[in-house]
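Peer 1: sequence and predicted structure below; questions after.
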Amino acid sequence: MHRRPLAAVLTGLAALTLAVTACAPQEDDTATASKSPASCTKDKLPLKTPGKLTVATDKPAFEPWFKDDDPKNGQGFESAVAYAVAGKLGFTKDEVAWTVESFESSYAPGTKKFDFDINQVSVTPAREKAVTFSSGYYDVQQGVVALKGTKFAGASSIAELKGAKIAVQVGTTSYQAVKNQLKPDIEPKVFNNQIDAVNALKNKQADVLLVDLPTAFYVTAAQVEDSKIVGQLPQTQGGETEHFGLLLEKGSPLVGCLDKALGELKSSGELAKIEERWLTSAAGAPVLK
Amino acid sequence: MADVGGRRSRAEVTARGTSAPGDAAWVKSERQLDREHRRRRAGVRSASLATASTVLFAVVVVAVVVSSPGWPRVHETFFAWDEFADAFPDVLRGFWLNVRIFLIAEPVILAVGLLVALARGLRSPLFFPLRALAVAYTDVFRGIPTILLVYLVGFGLPALRLQGLPDDPAVLGGFALVLSYGAYVAEVFRAGIDSVHPSQRAAARSLGLSRTQSLRFVVLPQAVRRVVPPLLNDFASLQKDTALVAVLGPLEALRQAQIHSADTFNYTPFLASAVLFIALTVPMARFTDHLAARAERRRAPGGGT
């Protein structure tokens, strides 16, 4: 009778010890040894799967960044960039493996299952505290889309958009642009994904849609009938351009090689060619003042 | 508490039995005093053991988590105080929308649920269409995942482009929640009504009350009292599901947290929003416990009020 609670406690402690030893720490993943490996040849690279370059992106993968929701086909801007980078590092097309990584899990702490993630992620100093970014592969502008003939379709300045109900996708720099540049009187509507934001525009639940310019061109050309690009937002923050970067695990030594590959693609003009092929020229959209 | 009280009174009865009847001043026997002493000591002993093992458990768990190799990163990305402070005002502002959706949806859900439950209880063949409709409603809307319903209502209704239909996402989302939870609550009410013994209804009828009157004055009061805890359970669930409305675009707590998180690649804002939801559901849970305990006391023999 007296011993029973004590015995119970001891059993409980034993169980606890078991549970604790069961979840022994995983091997340390602090790969911060060197910023860049000695050489960027294929067999020297610190890869997740040896011999394969594992590239991640979200699903669905939207146009014009990818085509037909299939990153493997090499079509669409980001798919093409990924294969171009892989080619510079010496990988053939079938040595590139794609995995699905949602935007929100792409910046989770801990070991990542991809070598790099290409998913229209804008590089910001705050984000660089959590992950490592390559140099930029695309400079972004924000585009404003509206249905033809609606109240805000003819706006020629930011001030004219003050009273608009604006739809944006959550977690995008478009939302930042709404907050910092447009500053509308009505709270913007923030959607899970681009399709929902586009639908809000279609349903007239929102007056205008704010997306990056290539997406804006795609929306007006293919997704929403009778829609037009009202204009693009001017670059902010003292002319510093917003750019997309490849996302890597914090401290990944691979970044040096990716930067090198991107640098070569830029100087040879190959990156510009890919951009020209997949992203409609932004020349047609007037800058809103 | 009630249990302890019961044991004490039994002990007193035993003590009275051992002392001789007719004694002027009743005193506890030696044996009873010893028994009480031992009981008290056992109580203290088990309480301190419980405390010690709880503390030990907490210490071990915290030690394991904190000493794990990934802890600094986890600490930085989930428990960053400055991120918390930075996001909290926005998250709180968003949370106010959750609270408003909840406060408005809740009474509507109660009304819908009760009406549907009553419709299912209609006996006359004349009301068959109504009864069938109620059955179909509960079957369909309990079957659809709430988030799907939020999507369908939130994007489907405005797509009809009908005049006068609300296009505010919070209203549409709230409507979807009412449809979903109305079906659950209807079943809870129905269970409550069915749990009232048929003799109650028969007795009411024999007193000359009409069918409606016996339902109104005899069956429903008992039924409603019985289903209060499960109803509150559904409402705790509803409180959290107000976050689902986020998919329609309004800036509620979850969405604000998501925005801050995407902005800085830090998950702490989600924690801020979780804290707010807990702050709302925990008092509700305690209130449910309190109501359940009160109902239990009332049902216990001699527990009049």
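Peer 2: Arrived safely, thanks for sending.

Peer 1: pretty sure B:M284 contacts B:L238?
Peer 2: No. B:M284 lies out of contact with B:L238 (CB atoms under 8 Å); the separation is 10.1 Å. All C-beta atoms are positioned from the backbone trio N, CA, C, and that covers glycine.

Peer 1: looking at the two, which is more packed in?
Peer 2: Between B:M284 and B:L238, counting by other CB atoms under 10 Å in any protein chain shown, B:L238 is the more crowded of the two (21 against 14).

Peer 1: just checking, that one touches B:L177?
Peer 2: Yes. Applying CB under 8 Å, one finds B:L238 in contact with B:L177, separated by 6.5 Å.

Peer 1: overlap in contacts, these two.
Peer 2: Common contacts of B:L238 and B:L177, defined by CB atoms under 8 Å, 6 or more residues apart in numbering or on different chains, comprise B:105, B:109.

Peer 1: can you check the pLDDT for the closest residue to B:A204 other than its chain neighbours?
Peer 2: With CB to CB, 6 or more residues apart in numbering or on different chains as the criterion, B:A204 has its nearest non-adjacent residue at 3.5 Å, and that residue is B:S214. Per-residue pLDDT puts B:S214 at 91.

Peer 1: can you check the one 5 residues further on too?
Peer 2: In this model, B:V219 is scored at 92, pLDDT.

Peer 1: just the helices from the stretch 51-200 of chain B, written as ranges.
Peer 2: Along the stretch 51-200 of chain B, the segments classed as helices by DSSP state H, counting those that start in this stretch run B:71-78, B:81-120, B:128-143, B:146-159, B:169-195, B:198-206.

Peer 1: hmm, I was thinking of the stretch 1-150 of chain A
Peer 2: A:3-22, A:77-88, A:103-106.

Peer 1: just to revisit the earlier point, give me the three-state assignment for the residue nearest to B:A204.
Peer 2: Secondary structure, DSSP: H, G, I helix; E, B strand; the rest coil: B:S214 is helix.

Peer 1: tell me the contacts of it?
Peer 2: B:201, B:204-205.

Peer 1: try A:G149
Peer 2: Contacts for A:G149 (CB under 8 Å, 6+ apart) come out as A:D226.

Peer 1: from A:L201, how far out is B:L251?
Peer 2: Per CB to CB, to the nearest Å, B:L251 is found 18 Å from A:L201.

Peer 1: who has more neighbours out of those two?
Peer 2: When neighbours are counted by other CB under 10 Å, B:L251 and A:L201 differ, and A:L201 comes out ahead with 25 against 22.

Peer 1: circling back: any of the contacts of B:S214 buried? List them.
Peer 2: B:201, B:204 (16 or more other CB atoms under 10 Å in any protein chain shown).

Peer 1: burial of B:L160, as a residue count?
Peer 2: 8.

Peer 1: repeat for the one 4 residues further on
Peer 2: Neighbours of B:G164 under the rule other CB under 10 Å: 4.

Peer 1: lowest-confidence helix or strand of the chain?
Peer 2: With no chain named, the answer covers chain A. Least confident helix or strand, chain A: helix A:3-22 with a mean of 60, by mean pLDDT, DSSP states H and E.

Peer 1: show the backbone phi and psi for the residue nearest to A:G171 when sequence neighbours are not counted.
Peer 2: Once flanking residues are discounted, A:G171 sits nearest to B:A262: 3.0 Å by CB to CB, 6+ apart. Here is the backbone geometry of B:A262 (degrees, to the nearest 10): phi -70, psi -30.

Peer 1: burial measure for residue 85, as a count.
Peer 2: All of this refers to chain A. Using other CB under 10 Å, A:V85 has 26 neighbouring residues.

Peer 1: chain B is the one I meant
Peer 2: Applying other CB under 10 Å, I find that B:A85 has 11 neighbouring residues.

Peer 1: quick check: it vs chain A, distance?
Peer 2: Going from B:A85 to chain A by CB to the nearest CB, to the nearest Å gives 15 Å.

Peer 1: how near is that residue to B:D168?
Peer 2: Distance of B:A85 to B:D168, computed by CB to CB: 31 Å.

Peer 1: picking that back up, the residue nearest to A:G171: what's it in contact with?
Peer 2: Residues in contact with B:A262 (CB under 8 Å, 6+ apart) are A:103-104, A:170-172.

Peer 1: looking at those, which one is closest to chain B?
Peer 2: Nearest to chain B among the contacts of B:A262 is A:G171, at 3.0 Å by CB to the nearest CB.

Peer 1: three-state assignment of the closest one?
Peer 2: Applying three-state DSSP: A:G171 is coil.

Peer 1: give me the neighbour count for it.
Peer 2: Per other CB under 10 Å, the neighbour tally for A:G171 reads 21.

Peer 1: one more: B:R93?
Peer 2: 14.

Peer 1: any regions of chain B where pLDDT drops low?
Peer 2: For chain B, the stretches flagged by pLDDT under 70 are B:1-24, B:302-305.

Peer 1: could you tell me which residues of it lie near chain A?
Peer 2: Contact residues (CB under 8 Å from any CB of the partner chain) of chain B with chain A: B:45-46, B:49, B:52-53, B:56-57, B:60, B:64, B:68-70, B:73-74, B:76-78, B:155, B:158-159, B:161, B:167, B:169, B:246-251, B:255, B:258-259, B:261-267.

Peer 1: go again using 6 Å as the cut-off
Peer 2: Within reach of chain A by CB under 6 Å from any CB of the partner chain, chain B has these residues: B:46, B:49, B:53, B:64, B:68-70, B:73-74, B:77, B:155, B:158-159, B:167, B:247, B:249, B:251, B:255, B:258, B:262, B:264-265.

Peer 1: quick one, helices of the stretch 201-305 of chain B?
Peer 2: Using DSSP H, counting those that start in this stretch, the helices of the stretch 201-305 of chain B run over B:211-214, B:220-226, B:228-241, B:253-264, B:268-299.

Peer 1: single out the most deeply packed of these.
Peer 2: Each of the helices of the stretch 201-305 of chain B was assessed for mean neighbour count using mean count of other CB atoms under 10 Å in any protein chain shown. The highest is helix B:253-264, with a mean of 24.

Peer 1: let me know the angle separating that one from helix B:81-120.
Peer 2: Calculated by axes from the mean of the first three to the mean of the last three CA atoms, to 10 degrees, helix B:253-264 forms an angle of 150 degrees with helix B:81-120.
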